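Asks: With the input below, show me the fold.
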Amino acid sequence: MNRQPKIGLLPLYLELYDKTQPELRKCFEPFLETIVNGFVSENVQTVRAKICRLASEFHTAVQQFRDENVDLIVTVHLAYSPSLEVIDALRSAGIPILILDTTPDYDFGLNVDPAKIMMNHGIHGVQDLACMMHRKEIPYEIVAGHVSGSNVLKRAAGVARAACAARILYETRALRVGKIFEGMGDFSVPDQLLSEVFGTITDEITAEDLFAEIQAVSSENINQEIRFDHKQFRVDIPEQVHKRSVRVGLGLRQVLAKGNYNAFSVNFLAFQGGPNSPETVPFLEISKAMQRGLGYAGEGDLLTACLVGALNGAFGRTTFTEIFCPDWKGESLFISHMGEINPAVAEGKALLCEKEFPWTPAGNPAVLTCAPAPGPAVLVNLAPGPASTFHLIIAPVEVLPDTNRPEFQSTVRGWIRPRCPLPEFLEQYSRAGGTHHSALILGDQTEFLNVFAVYAGLNKTIIS
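Replies: As a prediction, this is how the structure comes out:
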């Protein structure tokens, strides 16, 4: 369910050149093809408008982008193009905007052929447009670099994912199973506030409301899912525990699919077992749902579930997590949760095993356990603030190698190291009002999470 970002590529040009050198515009085709192919290689869909020069053409292109439901408009100046021709179309677009500042030629040094000036002077059109966007307070981003001699298209693709994530956030349908964990205040915000600020559609059901769908799951589907699990995971679990977890999980999957939910939260205390009630907590399906691109957070927390859904849906390799324990000596933090992790963040195959569950009379669940793959990552938190505001905390971290202790194999686990001293990190995090539920996204996505905050209209703190 990870969503492929879609951009609208808007080539800008000057009508005067068509009048005086009509053959010139066809020389830009290889350049535009390089851009489109570069986005394709980054798994970004591209809707390409015709080359635009005049206000009417720009308005037609923007309407095309609306009709095609793009996440981001990417402008590229083929030559100088007067900003007043395009500014009104961009101002009324209602779509995030990225200015791609690039040219066909990499080398424009002392030995360059002067004829190439006509192919490479779009930069002052970029500056004209950026100035006007700034003056008129139209939000935009910009990435600069040579089209193939730099990582500019990779960065532009990251911006496209940020725009896609912001859009997912504002189009979320979220389901809560059970009530919010009693007494947890940090992430607890009224569903009405999520609707007012982010447009979130929220529903709440009981664990017993899953029962009809669970009962409808066929033995054939259970066996098929178990075969799938054996192919995808390292399985070390009693068959009975595996089967009941799969049965409950497939019932939950049906409820999520029928409601078209892309984010959800489960309060494990809502699962009490007994007649007409799920046999166990669907931890296994929760992890699989994140693997498919859905958002999740524990204990009834739809706020963080929406964040995880936005980032996971657009970027992938994102999981719900909690900071559990500080390692003062090692300047790191132990992250974990009861039985939920996105197996897509693992370095290898996750382990499928039984978990002791003393918290309610429900049967022991199957859980997936692993550690996130070592390397750069970002801890991201969406914190409620005063006066119905929300604040994004972005903390680039390093995921450390997994432990060798065999006792941890049946535990959701990970160790992350912030980029500043641990006490300073924890102080900054709590001064910014960070909650105890977060998202962890693999890769150094700091630049694009910063853009996500801009496109989502969120104030932000970067702890680095």
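
Asks: shaky segments in this protein?
Replies: 1 (pLDDT under 70).

Asks: so where do the helices sit in the stretch 1-150 of the chain?
Replies: 15-20, 29-41, 55-67, 83-91, 117-120, 123-135 (DSSP state H, counting those that start in this stretch).

Asks: which of the residues in the fifth one are buried?
Replies: So the one you mean is helix 117-120. Neighbour-count burial for helix 117-120 flags 119-120 (criterion: 16 or more other CB atoms under 10 Å). To be clear about C-beta, it is placed using only N, CA and C from the backbone, and glycine gets the same treatment.

Asks: Give me the distance from it to the chain's centre.
Replies: The chain centre lies 38 Å from the centre of helix 117-120; the measure is CA atoms, centre = their mean, to the nearest Å.

Asks: Export only the CA atoms of it, formatted as PDB.
Replies: Output of helix 117-120 as PDB, limited to C-alpha atoms (Å, rounded to 0.1, in the frame of the first residue of the first chain):
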ATOM      1  CA  ILE A 117      24.100  30.100 -23.600                       C
ATOM      2  CA  MET A 118      20.700  29.700 -25.100                       C
ATOM      3  CA  MET A 119      20.400  26.200 -23.700                       C
ATOM      4  CA  ASN A 120      21.600  27.000 -20.100                       C
END
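
Asks: Which of the helices of the stretch 1-150 of the chain sits closest to Q224?
Replies: The closest of those to Q224 is helix 29-41. By CB to CB, the value is 33.9 Å.

Asks: Return the list of helices and strands in contact with that closest one.
Replies: strand 6-12, strand 45-48, helix 152-169 (3 or more CB pairs under 8 Å, 6 or more residues apart in numbering; DSSP states H and E).

Asks: Would you mind listing the outside residues contacting that helix?
Replies: Defining contact as CB atoms under 8 Å, 6 or more residues apart in numbering, one finds that helix 29-41 is touched by 7, 9, 11, 45-46, 48, 76, 78, 100, 102, 104, 119, 147-148, 153, 156-157, 160.

Asks: Need the winner for burial among the helices of the stretch 1-150 of the chain.
Replies: Neighbour counts averaged per stretch over these are highest for helix 83-91, at a mean of 19; criterion: mean count of other CB atoms under 10 Å.

Asks: That one vs strand 6-12, what angle?
Replies: Relative orientation of helix 83-91 versus strand 6-12 (axes from the mean of the first three to the mean of the last three CA atoms, to 10 degrees): 160 degrees.

Asks: Could you tell me the angle between helix 83-91 and helix 123-135?
Replies: 50 degrees.

Asks: chain center to stretch 407-415: distance?
Replies: Taking CA atoms, centre = their mean, one finds the center of stretch 407-415 at 25 Å from the center of the full chain.

Asks: what does stretch 322-339 give?
Replies: With CA atoms, centre = their mean, you get 23 Å for stretch 322-339.

Asks: swap in stretch 71-84?
Replies: 27 Å.

Asks: and that stretch, how far apart are its ends?
Replies: Start-to-end span of stretch 71-84 (CA to CA, to the nearest Å) is 24 Å.

Asks: ok, and for that stretch, which residues are buried?
Replies: 71-83.

Asks: Just put the helices of the stretch 1-150 of the chain in CSV and tack on distance to A362.
Replies: Output for the helices of the stretch 1-150 of the chain, formatted as CSV (distance: least, CB to CB, whole Å):
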stretch, distance to A362
helix 15-20, 70
helix 29-41, 47
helix 55-67, 48
helix 83-91, 54
helix 117-120, 67
helix 123-135, 55
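
Asks: what's the residue nearest the centre of the chain sitting at in phi/psi?
Replies: Taking CA atoms, centre = their mean, the centroid of the chain lies closest to L311, which sits 1.6 Å from it. Main-chain dihedrals, L311, degrees, to the nearest 10: phi -70, psi -40.
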